[in-house]
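Undergrad: Dropping a prediction and its sequence here:
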Amino acid sequence: MQEQGNVLEAFQCYSTAIRIRPDFAIAYGNLGSCLLVSGEVQRAICALRRAVQLEPNFPDAYNNLGNALRDFNKPFAMLQLSGEFRMIKGDTTELMSRELSQKHQRKADACEAIECYRTGGSARLLERQQPWKEGWMIGFSDLTSILLARLASGFHGGIHGPLITTLGSEPDWSKDRLKSILFGNSIPDIHGDPWGGGITKGSLIVGNLTVLTHLIGTKHLPNFNNSILIIEDIAEAPYRIDRMLTHLRLAGILQQLSGLGFGSFTSCNDEENVDKKNSFGLLDIFRDRTQDLKIPIVSNLPVGHCLGNASLPQGSQAILNGNKGKLD
């Protein structure tokens, strides 16, 4: 009926079905879709949340709920799921069959997993006091501000990893890695290009270079002392990367680290109208700004805006091997 444009009639039919069968998940899902088409986004969110509560394995309802949250213009839309973590891939839902609550028991009966849908403007949330809770928060890029602020407040469970909008395109190894972190299983090493400096152990801090730099001078950065910092970025010209690394040096942050990793710097070497023969390239800048630190450094790690964005748990203990180009 919706396809024929008779939205009012469809709405009445789905509402009648729900009155007759209050546990009819498909009717709630169709009602939510109908409300979304009609522009009644808040009511659509309520109906779709009820649909996935009644039927956890309902991919169309999850996809429509993501669209509704996006249209409602949340600073970052999210799926908040009790007991189980679901990955959305296209029009199918892969259910991670083991319950998070069995591995991560909190005060409540189940552990929350917040997987972000989009993250633009996330730092605006930090203008207000945030009611941080125990549980998982997953995302990257602009969400760096939230992940680092949460870590600075003493809350672990942040994962620098794929968003809902990118998770479906991730290779299987990346999805398996995220699943292993969530269920407390061991994760394999990730590899990059070795720059030497030996081996170090430290607390892991991961984030977008631009966002991290803009948090300097606020209370929202964690303690970098003896930490391993992994940074990534996208579409920033080399001279801007140079400026931000210099800012980190002037703030004394790079000098506190026990190890440093460079992730993916996608489209950061594509400046136009630049004489590349007489200017520094990205790797030249990396080396110039970091090699006097005398710490283990690894570049080209699969972290950031790339297919194969390796999930990394914020604040966990890690070992960086600058001689072998390995992070474990």
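TA: That came through, no problem.

Undergrad: gap between the nearest residue to residue 268 once chain neighbours are set aside and residue 210?
TA: Once flanking residues are discounted, residue 268 sits nearest to residue 236: 5.2 Å by Cβ to Cβ, 6 or more residues apart in numbering. (C-beta placed from N, C-alpha, C; glycine too.) In this structure, residue 236 and residue 210 are 6 Å apart, going by Cβ to Cβ, to the nearest Å.

Undergrad: Now do the shared contacts for these two.
TA: residue 244 (Cβ atoms under 8 Å, 6 or more residues apart in numbering).

Undergrad: for residue 14, helix, strand, or coil?
TA: For residue 14, the secondary-structure state derived from DSSP: H, G, I helix; E, B strand; the rest coil is helix.

Undergrad: which residues sit in contact with it?
TA: 27, 28, 30, 31, 34.

Undergrad: can you tell me how far the closest residue to it other than its chain neighbours sits from residue 67?
TA: Here the nearest residue to residue 14 in space, its sequence neighbours aside, is residue 31; by Cβ to Cβ, 6+ apart that works out to 4.0 Å. Residue 31 sits 15 Å away from residue 67, going by Cβ to Cβ.

Undergrad: So for those two, which residue has more residues nearby?
TA: Taking neighbours as other Cβ atoms under 10 Å, residue 31 and residue 67 compare with residue 31 leading, 25 against 17.

Undergrad: So that one versus residue 193, what's the distance?
TA: Separation of residue 31 from residue 193 (Cβ to Cβ) stands at 53 Å.

Undergrad: Mind listing what's buried along the helix or strand residue 210 falls within?
TA: Counting by DSSP states H and E, the element that carries residue 210 is helix 209-213. Buried residues in helix 209-213, counting neighbours by 16 or more other Cβ atoms under 10 Å, are found at 209, 210, 211, 212, 213.

Undergrad: Check stretch 299-309 too.
TA: Residues of stretch 299-309 classed as buried under the neighbour-count rule (16+ other Cβ under 10 Å) are 299, 300, 301, 302, 303, 304, 305, 306, 308, 309.

Undergrad: now do stretch 282-291
TA: With burial defined by 16+ other Cβ under 10 Å, the residues of stretch 282-291 counted as buried are 282, 283, 285, 286, 289, 290.

Undergrad: residue nearest the centroid of this protein?
TA: Residue closest to the average C-alpha location in the chain (Cα atoms, centre = their mean): residue 139, at 0.7 Å.
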